[in-house]
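K.L.:
let's see this in three dimensions:
(one chain, ligands or ions: 1)
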Amino acid sequence: MTTVLGISAFYHDSAAAIVVDGQIVAAAQEERFTRIKHDAAFPTRAVEYCLAEAGISAAQLDYVTFYDKPLLKFERLLESYLGNAPRGFASFCMAMPVWLKDKLYTPRAIRKGLGNAFTKRLVYCEHHESHAASAFFPSPFEEAAILTLDGVGEWATGTIGVGRGNRIELLREMRFPHSLGLLYSAFTYFTGFKVNSGEYKLMGLAPYGEPKYADLILKHLIDLKDDGSFRMDQSYFNYAAGLTMTNAKFASLFGGPARTSEGPLTQREMDLAASVQVVTEEIMLRTARFARKLTGCKHLCLAGGVALNCVGNGKILRDGCFEDVWIQPAAGDAGGALGAAMFTWHQLLNHPRMARAGDAQRGSFLGPRYDEAETRRTLDSAGAVYHACATDEELSERVAELLASEKVVGWMQGRMEFGPRALGGRSILGDARSPAMQSQMNLRIKFRESFRPFAPAVLRERVHEFFEMRAGQDSPYMLLVAPVRDEKRLASGDSGTSAAAHGLDRLKQLRSVVPAITHVDYSARVQTVDPERHGPYHALLRAFERRTGCPVIINTSFNVRSEPIVCTPADAYRCFMATNMDVLVMDRLILLKSEQPEGRIIDAADHLKQFALD
Ligand SMILES: [Fe+2]
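P.N.:
Coordinates of the predicted model:
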């Protein structure tokens, strides 16, 4: 037995993954255990979990591999500072102590993190090699083009490569400071959201705006080539030298200063969101088309933070430049841990790889599971009231009935997901047909902005009836946005609000027969649910369909604003008791909020206070 532990750490979203004889055995992000969102510390708890899942100790590991090369990164920091001196002095001074404490001495930090029990060699992959490996090796393709796009690794900010059998090769790269991820983050910052976590909010806001500024971006900020590569005019940006993403020149180009995080969301932010989204899609499309030409491959694999831009992914798929696309669900830096481990196994140790139908990612259910006895112990000690279903059928029928009566259901089953999306292991579910559900779930359950869209989970066999996707098309990782089919849409007059409504008023329009998951531009971020990957989750959807005729429900992550997705039964019960969720389901146990002891209700404000706003 050969074991490889992959680690990503010290920037954001630290994670660990373990590969045993080429099989992905476990992977998890540190934030889920420490309850600190985007936790960047050495992933002590995630490593512990991975070792336990593989049944070995740190001393028994054969290889430990890190997802990037810290010294090359340090070189970039030094060169950027020297290139901008004396302007970059403040940020240089801010960065230095952190570097001197952990990052420069990564080998020591890793060994210490492993309790000094691991004495063999450490392996370092390049950041984009790790992303590329995470995209290709678990994919269902024997051969594929690979596209990685993110903020920045060591120097690379995007690469085009090719994967064949057990090898990947990176053919082209774009380098810092020119970066699609950083361009998107600059707009995330400028619209008042937090960089490295608010990018989703910006993407969700885009459909409310008009891409009025797209031409300005293309004319002044970037010089975009036909092959998707571009240069950014650094006189508008401050990230290479300063402590902010954008500067005064950027602000004057877009008609005023950046929005502060407390400031109101105006039409300008929505239009900026729409504009950078359009430009991002154009860059992704051009790059994908060029990758097709360069490699001649029919299939594409994607990773890197930008691959979480599911609207862009959907555009690439529908463009038809590739026959099929596979996206690593942990596309951000957490997935680098998995990529580094896979890279070590296949590329460095030269072990063969058999592409398998579906993929090797196991539905991304790679985290911890808790058995029913453990869950019962947790609930009993919390004084919780619950009912046990005797069979899986009873469970799906009862929960389907609750969903159909507009109850909001916390749903915890089996292993926790790896990657930022909840996929039916740690989800909150609701009735997609309900017009009130989007704002109710945003405001009363998640305590977050009302404009945030919800995503549908749909039976794979019926996906083409509701969305513009092929019959049977897989999207198990919720990384593709597709339009809702015309025949499922409602004319805007049906909703009683004026067709001319704009901005956030458009939220009130009833847009389709599944309004709770239809975004204002009639798009939806689709998760397909199938019997092979999804077991009880699939059975639940089937039961809901039998009862209502509708194969679509809402699936959102099991957490509140700024909280990492729940991991343990205790996390789940706490979140349930602090929100207006009606029902909690863990394995075959069902809890109704109305039956829980009054004294156990947790004040929502107290619960939210634990998590820094992201
Ligand atoms: Fe990255």
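
K.L.:
quick one: the closest residue to the ion within the stretch 151-300 of the chain from Tyr124, how far?
P.N.:
Residue nearest to the ion within the stretch 151-300 of the chain: Gly153 (5.5 Å; Cβ to the ion). All C-beta spots, glycine's among them, are computed from the backbone N, C-alpha and C. From Gly153 across to Tyr124, the span is 12 Å (Cβ to Cβ, to the nearest Å).

K.L.:
give me the common contacts of those two.
P.N.:
Each of Asp68 lies in contact with both Gly153 and Tyr124 under the rule Cβ atoms under 8 Å, 6 or more residues apart in numbering.

K.L.:
which one of these two has more residues nearby?
P.N.:
Gly153 (31 against 19; other Cβ atoms under 10 Å).

K.L.:
now that one: closest residue in space that isn't a chain neighbour?
P.N.:
Among residues not flanking Gly153 along the chain, His127 sits closest, at 2.5 Å (Cβ to Cβ, 6 or more residues apart in numbering).

K.L.:
spit out the contact partners of that neighbour.
P.N.:
Counted by Cβ under 8 Å, 6+ apart, His127 has contacts 67-69, 73, 150, 153-154, 156, 336.

K.L.:
try it again with 6 Å
P.N.:
68, 153-154 (Cβ atoms under 6 Å, 6 or more residues apart in numbering).

K.L.:
burial count for the nearest residue to Arg426 once chain neighbours are set aside?
P.N.:
Of all residues not flanking Arg426 in the chain, Phe558 sits nearest, at 4.3 Å (Cβ to Cβ, 6+ apart). With neighbours defined by other Cβ under 10 Å, the count for Phe558 comes to 26.

K.L.:
check what pLDDT Phe558 gets.
P.N.:
Listed pLDDT for Phe558 reads 97.

K.L.:
ok, the one 3 residues further on next?
P.N.:
In the predicted model, Arg561 carries a pLDDT score of 87.

K.L.:
the one residue in the stretch 101-250 of the chain that gets nearest to the ion: neighbouring residues, count only.
P.N.:
Residue of the stretch 101-250 of the chain nearest the ion, by Cβ to the ion: Asp150 (3.6 Å). Counted with other Cβ under 10 Å, the neighbours of Asp150 add up to 28.

K.L.:
got the contact list for the closest residue in space to Gly263 that isn't next to it in sequence?
P.N.:
For Gly263, ignoring the flanking residues on the chain, the nearest one in space by Cβ to Cβ, 6+ apart is Gly192 at 5.8 Å. With contact set as Cβ under 6 Å, 6+ apart, Gly192 has these partners: 259-261, 263.

K.L.:
ditto for Leu403
P.N.:
Contact analysis of Leu403 by Cβ under 6 Å, 6+ apart lists 409, 431, 544.

K.L.:
run the last query once more with 7 Å
P.N.:
409, 429-431, 544, 553 (Cβ atoms under 7 Å, 6 or more residues apart in numbering).

K.L.:
what's the ChimeraX line that selects buried ones from those residues?
P.N.:
Here is the ChimeraX selection string for the buried members of these, based on 16 or more other Cβ atoms under 10 Å:
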select :409,429,430,431,544,553
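
K.L.:
and of the contacts of Leu403, the nearest to Ile445?
P.N.:
Gly430 (8.5 Å; Cβ to Cβ).

K.L.:
tell me what the host helix or strand of the closest one is packed against?
P.N.:
Gly430 belongs to strand 426-431 when assigned by DSSP states H and E. Judged by 3 or more Cβ pairs under 7 Å, 6 or more residues apart in numbering; DSSP states H and E, strand 426-431 is in contact with helix 392-404, strand 409-412, strand 552-557.

K.L.:
beyond it, next helix or strand please.
P.N.:
Taking DSSP H and E, what comes next after strand 426-431 is helix 437-440.

K.L.:
distance from the chain centre to that next one, please.
P.N.:
Its chain's average C-alpha position is 22 Å from that of helix 437-440, according to Cα atoms, centre = their mean, to the nearest Å.

K.L.:
contacts for the next helix-or-strand element following it?
P.N.:
Downstream of helix 437-440, the next assigned helix or strand under DSSP H and E is strand 455-459. Contacting residues not belonging to strand 455-459 are listed as 424, 432, 466, 478, 514, 517, 524-529, 541-542, 545, 551-556 [Cβ under 7 Å, 6+ apart].

K.L.:
look up how far the ion lies from Asn350.
P.N.:
Distance of Asn350 to the ion, computed by Cβ to the ion, to the nearest Å: 26 Å.

K.L.:
ok, now how distant is the closest residue to that residue other than its chain neighbours from Ser130?
P.N.:
Of all residues beyond its chain neighbours, the one nearest Asn350 is Asn166 (6.9 Å), with distances taken as Cβ to Cβ, 6+ apart. According to Cβ to Cβ, Asn166 stands 16 Å off from Ser130.

K.L.:
neighbour count winner among those two?
P.N.:
Neighbours per residue, other Cβ under 10 Å: of Asn166 and Ser130, the larger number sits with Ser130, 32 against 18.

K.L.:
dump the residue contacts of that one.
P.N.:
67-68, 336, 339-340, 343.

K.L.:
sheet-wise, list the partners of whatever helix or strand Val19 lives in with their directions.
P.N.:
Using DSSP H and E, the element containing Val19 is strand 15-20. Strand 15-20 has its sheet partners listed here by DSSP bridges as strand 3-8 (antiparallel), strand 23-29 (antiparallel).

K.L.:
how far off centre is that strand?
P.N.:
Mean C-alpha position of strand 15-20 versus that of the full chain (Cα atoms, centre = their mean) differs by 18 Å.
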